[in-house]
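**Q** curious how this folds, go ahead:
(one chain, ligands or ions: 1)
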Amino acid sequence: MTLQGKKIVLGITGSIAAYKAAYLCRALIKKGAEVQAVITPAGKEFITPVTLSALTHKPVVGEFFTANDGTWHSHVDLGLWADLMLIAPATATSIGKMANGIADNMLVTTYLSMKAPVFVAPAMDLDMYAHPSTQANLDKLKSYGNRIIEPATGFLASALEGKGRMEEPDAIVEVIEAFFENRNQLTKKKILITAGPTYEKLDPVRYIGNYSSGKMGFALAEVCAEKGADVILVSGPVQSKVHHPRIRRIDVESADEMYETAMKHFPQMNVAILSAAVADYKPAQFSVNKLKRNDKEALTLNLVANPDIAASLGKIKRENQLLCGFALETENEFSNAEGKLKKKNLDFIVLNSLRDEGAGFQLDTNKISIIAANGEKTDFPVKSKKEVAEDIVNAVLSCQTGKVD
Ligand code: CTP
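**A** Model prediction:
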């Protein structure tokens, strides 16, 4: 009974996959959950409220009030009652309404009032799913902190084949179970994460930087926060956004600023994960005025070393603190990574090689190996950066046993 006592609002929208909601309901209830079904008007065309109320032992909420006796159904109360909201199936229309706050039915009003984590399982035709409008709306939901349970690829009601069919109910239940199982693993832990590039100013209009997008560090921050940690995310200039209430984001620009911020907060932390691509050097002088071309054949820049944040934290690290670094290599990957692990006094290092397909800056995927201080090495396949973040956080969890109080 992995979901014993968990209160779940199950939102059902107008998709042919709504017939699977009956099985989903049963599966959640069998695991111990209490389910309140909320349905859109279009949803009722695909599955009857009678089926759902018989399974959940509760009246199905579909309207703002019951016409014959005027009973008001409070979406606000549902938002406070639930431990989790699951919208399965979620159509392109409902996803669009949720993304843009169009609260013209009970399901979307409940969604907007929801205090609990929200999971969305899209179901639609492959072209609708792939459309930039749907993808932009899903990105919006993600940016609100909602989790998308990606649709599966296969035979669709339209008789076409492709990505769009709602994930199978048993797989959805597994995602929900894993969420409840993992969400308290890092409760009361304070975690510092550095992310993104640093910009080293040359003059008022130019800087030296790198291609880091910060995606890996932001995914790590989200996973840590989802597992209950309070996260300080020190980020260089990036486009990425985070919304989890337990993430405090501090924006910095240069390596010096990142160093100051990390050094200030590290003593209060249990764990630090350093994923930032910090510039090793900065211009020796900042020119107040724009550097002019002046028809010079060549320009020589003098650079001076930036502080090494990882090594500095490694020096002040206490016995009960855990320090994890990254190594981005293009050659002699393992020996270079092991060298950094020792030199910077890290507990483990995450290696990504630019020679591996699917690894590196800007991408949504990564391929890593984790090398522990005792030399133990684990290789992982190419995964999404969110899944890679899960693997890294699992390494933190197995490392911290007995170490972080
Ligand atoms: N790092 C840091 N401060 C720096 C440079 C690196 O905190 N000034 C951290 C990175 O965030 C990463 C680890 O150190 O966790 C290794 O970074 P990387 O750039 O791979 O290594 P460097 O030590 O800079 O060595 P090199 O550039 O010579 O490979």
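**Q** so residue 347 makes contact with residue 370?
**A** No: checked against Cβ atoms under 8 Å, the pair residue 347 and residue 370 is beyond contact range at 10.6 Å. Placement of C-beta: from N, CA and C, glycine included.
**Q** just how off-centre is stretch 33-45 within its chain?
**A** Distance, stretch centre to chain centre, for stretch 33-45: 27 Å (Cα atoms, centre = their mean, to the nearest Å).
**Q** mean confidence for it?
**A** Per-residue pLDDT over stretch 33-45 has a mean of 97.
**Q** tell me which residues in that stretch are buried?
**A** 33, 34, 35, 36, 37, 38, 39, 40, 42, 43, 44 (16 or more other Cβ atoms under 10 Å).
**Q** restricted to strands, list the residues you listed.
**A** 34, 35, 36, 37, 38, 39 (DSSP state E).
**Q** just grab the bridge partners of the last one for me.
**A** This means residue 39. Taking DSSP bridges, one finds residue 12 as the beta-bridge partners of residue 39.
**Q** what distance do you get for it to residue 125?
**A** 21 Å (Cβ to Cβ, to the nearest Å).
**Q** ok so, going back, out of the buried residues of stretch 33-45, who's nearest the ligand?
**A** residue 33 (40.7 Å; Cβ to the nearest ligand atom).
**Q** how about the residues of the stretch 201-350 of the chain near the ligand?
**A** Residues of the stretch 201-350 of the chain found near the ligand (Cβ under 6 Å from any ligand atom) are 255, 274, 276, 278, 280, 306, 308-310, 325-328, 340.
**Q** let's see it at 8 Å
**A** Within reach of the ligand by Cβ under 8 Å from any ligand atom, the stretch 201-350 of the chain has these residues: 255, 258-259, 262, 274-280, 306-313, 324-329, 336, 340, 343-344, 346, 349-350.
**Q** drop anything exposed from these.
**A** Buried members of those, scored by 16+ other Cβ under 10 Å, are 255, 258-259, 262, 274-279, 306-310, 313, 324-329, 336, 340, 344, 346, 349-350.
**Q** now the buried residues of stretch 33-45 in a markdown table, with distance to the ligand?
**A** Listed next are these as a markdown table, based on distance: Cβ to the nearest ligand atom, whole Å:
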| residue | distance to the ligand |
| --- | --- |
| 33 | 41 |
| 34 | 45 |
| 35 | 44 |
| 36 | 45 |
| 37 | 47 |
| 38 | 45 |
| 39 | 48 |
| 40 | 46 |
| 42 | 49 |
| 43 | 48 |
| 44 | 53 |
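**Q** for the closest residue to residue 330 other than its chain neighbours, grab the count of nearby residues.
**A** In space, and not counting its chain neighbours, residue 330 is closest to residue 354: 4.8 Å by Cβ to Cβ, 6 or more residues apart in numbering. Burial of residue 354 is recorded as 12 neighbouring residues (other Cβ atoms under 10 Å).
**Q** give me the phi and psi for residue 121.
**A** phi -110, psi 90 (degrees, to the nearest 10).
**Q** from what I see, it and residue 164 are in contact.
**A** No: using Cβ under 8 Å, residue 121 is not in contact with residue 164, being 11.4 Å away.
**Q** shared neighbours of these two, anything?
**A** The contact sets of residue 121 and residue 164 overlap at residue 151 (Cβ atoms under 8 Å, 6 or more residues apart in numbering).
**Q** what's the helix or strand where residue 323 lies packed up against?
**A** Taking DSSP states H and E as the definition, one finds residue 323 inside strand 322-329. Identification of packing neighbours for strand 322-329 by 3 or more Cβ pairs under 8 Å, 6 or more residues apart in numbering; DSSP states H and E yields strand 271-274, helix 309-316, helix 333-343, strand 348-353, helix 385-400.
**Q** can you list those in CSV and add mean pLDDT?
**A** Listed next are the helices and strands packed on strand 322-329 as CSV, based on pLDDT from 0 to 100:
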stretch, mean pLDDT
strand 271-274, 98
helix 309-316, 98
helix 333-343, 94
strand 348-353, 92
helix 385-400, 88
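**Q** of all the ones you listed, which lies closest to residue 171?
**A** helix 385-400 (15.0 Å; Cβ to Cβ).
**Q** how near is residue 113 to residue 14?
**A** Distance, residue 113 to residue 14, by Cβ to Cβ: 21 Å.
**Q** these two: who's more crowded?
**A** Shown here are residue 113 and residue 14; by other Cβ under 10 Å, residue 14 has more neighbours (20 against 17).
**Q** assumed that one was part of a strand.
**A** No: checked against DSSP: H, G, I helix; E, B strand; the rest coil, residue 14 lies outside a strand; its state is coil.
**Q** quick one: the strands in the stretch 101-250 of the chain?
**A** 118-122, 147-148, 152-155, 161-165, 190-195, 200-203, 206-208, 230-235, 247-251 (DSSP state E, counting those that start in this stretch).
**Q** just put those in a markdown table and tack on mean pLDDT.
**A** Shown next, in a markdown table, are these (pLDDT from 0 to 100):
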| stretch | mean pLDDT |
| --- | --- |
| strand 118-122 | 97 |
| strand 147-148 | 90 |
| strand 152-155 | 87 |
| strand 161-165 | 89 |
| strand 190-195 | 98 |
| strand 200-203 | 97 |
| strand 206-208 | 96 |
| strand 230-235 | 98 |
| strand 247-251 | 97 |
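**Q** out of those strands, flag the one nearest residue 363.
**A** Smallest distance to residue 363 across these (Cβ to Cβ): 15.0 Å, for strand 190-195.
**Q** can you list the strands that the closest one pairs with?
**A** Applying DSSP bridges to the sheet, strand 190-195 is found paired with strand 230-235 (parallel), strand 271-274 (parallel).
**Q** single out the most deeply packed of those.
**A** By mean neighbour count, with neighbours taken as mean count of other Cβ atoms under 10 Å, strand 271-274 ranks first of the strands paired with strand 190-195 at a mean of 27.
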